[in-house]
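*Asks:* Fold the following.
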Amino acid sequence: MSRQGWEDSDFPILCETCLGPNPYVRMTRQGYGKECKICGRPFTIFKWNPGQGMRNKKTEVCQTCAKVKNVCQTCVLDLEYGLPVQVRDSVLQVQDDIPHSDVNREFFIASVEGKLGNDSLINYAKADSSARDQLKKMSRPEPYYKRNRPHICSFYVKGECKRGDECPFRHEVPVENDLSHQNIRDRYYGKDDPVAKRMLNRTDKASKLSNPEDTSITSLFITGIDEEINEQDLRDYFYAFGEVKSIVVIQKSKCAFVNYATRAAAELAVDKSYNNLNIKGKVLRVQWGKARPQGPKGDVQTEVGTVVPTPQPAKQGTTLDQLLNMPPAPPPPGAGPSFYPSQDPNMLGTSNREFRA
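*Replies:* Model (predicted):
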């Protein structure tokens with residue numbers, strides 16, 4: 001085979017994640033140094049390090065194959081949205097017309113190589129606006145540099161690594177699941193990609209959340225809360241659906257509770273936010289809250305839903321410490337709220353001398 005027409009490029013086609021955060025990245029270039037893992041033709045390969053603490057990366061497919069699918073030469077993910085090819089083609093309803101056999105594939109690539117130029121066969125401008133919006137919601141708003149971490153140290157898995165902190169590989173125990181069996185060909189052609197299957201299964205869930213039968217439930221349970229999301233961010237989003245009584249954010253558990261004043265407002269918020277909640281680029285999940293537990297008959301149910309146990313009379317022989325630790329007696333029925341002296345609205349403006357008198 002002649003080298004005429006083979007790829008000879010000056011810079012690779014990469015996504016922002018594979019390129020790395022370092023603006024002064026240094027690359028090595030080797031002409032015809034490797035064969036493409038898709039078409040098998042030799043192409044110019046590039047090698048570089050994305051940043052400190054990351055593994056060295058290199059191009060895996062030629063530029064022609066990358067342009068045909070509009071993917072990165074290294075990770076083989078879509079350049080526009082950073083999604084697997086199978087997810088993108090499923091949402092945009094794009095048919096894979098690339099032949100898989102050797103002879104037909106070589107003829108197809110040779111015929112489109114001169115026509116592509118700097119363009120791709122995937123035309124996003126002709127795609128439906130709703131499909132583009134769905135891809136945008138599924139994509140990450142920022143580069144995912146965690147994908148550039150070093151590989152797991154095989155000696156550490158065997159218990160034989162003696163380099164300790166100086167080892168350039170990760171000291172972790174590998175997890176065996178469906179994501180452990182990936183290959184570039186399946187990812188490129190969009191066939192049996194385990195990452196794409198997980199993402200599609202996540203979006204194929206019901207678009208509506210059934211309302212609980214208990215009409216007293218007016219609270220929503222939000223998961224996926226990040227440190228960047230605070231109470232005001234949630235209030236700015238959920239107040240549009242109705243009056244919000246309170247919002248409780250639990251950063252340690254990465255969740256929050258949104259309590260509405262009416263059931264109609266809570267139902268509207270669920271209808272508009274279920275599988276469609278994105279705050280500050282973070283995808284959050286909305287679920288209904290659970291009903292408040294009802295206490296026994298001897299307990300007093302307060303206005304905010306907390307259960308205060310009814311104190312029992314002191315038994316004979318009770319010590320002083322036990323008496324001091326006993327809960328206070330509940331207020332009699334019909335009694336108004338109790339205040340500290342400084343909080344009594346009837347005593348506002350009075351001096352300490354007048355109050356003592």
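
*Asks:* from memory residue 134 sits against residue 92, does it?
*Replies:* No - the criterion here is CB atoms under 8 Å, and residue 134 misses it with residue 92 at 9.3 Å. The C-beta positions use only the backbone N, C-alpha and C, and glycine is treated the same way.

*Asks:* Tell me who's in contact with the closest residue to residue 154 other than its chain neighbours.
*Replies:* Closest residue in space to residue 154, ignoring its immediate chain neighbours: residue 169 at 7.9 Å, by CB to CB, 6 or more residues apart in numbering. With contact set as CB atoms under 8 Å, 6 or more residues apart in numbering, residue 169 has these partners: 150-154, 156.

*Asks:* go again using 10 Å as the cut-off
*Replies:* In this structure, residue 169 makes contact with 55, 149-156, 161, 163, judged by CB atoms under 10 Å, 6 or more residues apart in numbering.

*Asks:* If any of the residues you listed are buried, give me the PyMOL selection for them.
*Replies:* The command below creates a PyMOL selection of those among the contacts of residue 169 that count as buried (16 or more other CB atoms under 10 Å):
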select buried, resi 153+156
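
*Asks:* Buried ones in the strand ranked longest in the chain, by neighbour count?
*Replies:* Taking DSSP state E as the criterion, the chain has its longest strand at strand 27-35. Within strand 27-35, no residue counts as buried by 16+ other CB under 10 Å.

*Asks:* What's the mean pLDDT across that strand?
*Replies:* Averaging pLDDT along strand 27-35 yields 92.

*Asks:* Using PDB, write out every CA atom in that strand.
*Replies:* Included here for strand 27-35 are C-alpha records, laid out as PDB according to Å, rounded to 0.1, in the frame of the first residue of the first chain:
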ATOM      1  CA  MET A  27       3.300  17.100  22.600                       C
ATOM      2  CA  THR A  28       5.500  14.700  20.700                       C
ATOM      3  CA  ARG A  29       4.600  13.900  17.100                       C
ATOM      4  CA  GLN A  30       5.500  10.800  15.100                       C
ATOM      5  CA  GLY A  31       4.500  10.600  11.400                       C
ATOM      6  CA  TYR A  32       2.900   7.300  10.500                       C
ATOM      7  CA  GLY A  33       3.900   5.900  13.900                       C
ATOM      8  CA  LYS A  34       0.800   3.800  14.500                       C
ATOM      9  CA  GLU A  35      -2.200   2.200  12.700                       C
END
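
*Asks:* what's downstream of that strand, the next helix or strand?
*Replies:* strand 42-48 (DSSP states H and E).

*Asks:* what's the angle from that following strand to strand 27-35?
*Replies:* Interaxial angle, strand 42-48 versus strand 27-35 (axes from the mean of the first three to the mean of the last three CA atoms, to 10 degrees): 140 degrees.

*Asks:* Show me what strand 42-48 packs onto, helices and strands only.
*Replies:* strand 27-35, strand 57-58, helix 63-69 (3 or more CB pairs under 10 Å, 6 or more residues apart in numbering; DSSP states H and E).
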